[in-house]
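> What follows is a predicted structure for the sequence shown.
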Amino acid sequence: MSAAGGVRLTNLYGQSLCTPARATLMTGKFVHRLGLSYVGSEAEITAFANYSAVPVAEDLLPTRLKACCGYKAVGVGKWNLGHCNARYMPWSRGFDAFTGYASTGLSYLSHVSDPDST
């Protein structure tokens with residue numbers, strides 16, 4: 001299929017921080033519509049955060065791709081979209097498999113948390 005027969009994604013507008021940027025990509029919505037329009041570190045879902053990031057009522061990209069096209073979805077890397085309850089984890093949000101970690105501040109190479117991370 002060519003781009004002329006589908007949708008061309010040429011721009012993404014969102015925040016430069018991890019959680020809001022991922023939320024925008026996964027939902028297709030601006031962060032202020034998801035309740036994530038904070039400034040600075042308040043917008044990040046940290047390792048000890050006890051709240052959700054993207055509401056479970058929001059369909060994420062893998063869920064939509066499965067529904068419309070029968071895709072399988074695998075997530076790799078940092079999730080950072082909420083982890084206070086199993087309902088917010090990748091395998092409950094449309095991913096068939098996930099390998100990575102739930103939050104910020106962990107090195108991919110050493111698997112040790114960043115001492116400056118909360």
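Thanks, I have the structure now.

> give me the number of residues near residue 88?
20 (other Cβ atoms under 10 Å). In this view, the C-beta of every residue, glycine as well, is placed from N, C-alpha and C.

> Find the nearest non-adjacent residue to it, please.
residue 82 (3.6 Å; Cβ to Cβ, 6 or more residues apart in numbering).

> Next: residue 49.
residue 84 (6.6 Å).

> Check residue 35 too.
Using Cβ to Cβ, 6+ apart, the closest residue to residue 35 is residue 55 (7.5 Å).

> Please report the number of neighbouring residues for that neighbour.
Residue 55 has 12 nearby residues by other Cβ under 10 Å.

> Now do the same for it: helix, strand or coil?
Judged by DSSP: H, G, I helix; E, B strand; the rest coil, the three-state class of residue 55 is coil.

> Can you verify my assumption that it contacts residue 34?
Yes. Contact criterion Cβ atoms under 8 Å: residue 55 and residue 34 qualify, at 7.1 Å.

> one step back: tell me the pLDDT of the residue nearest to residue 49.
With respect to pLDDT, residue 84 scores 85.
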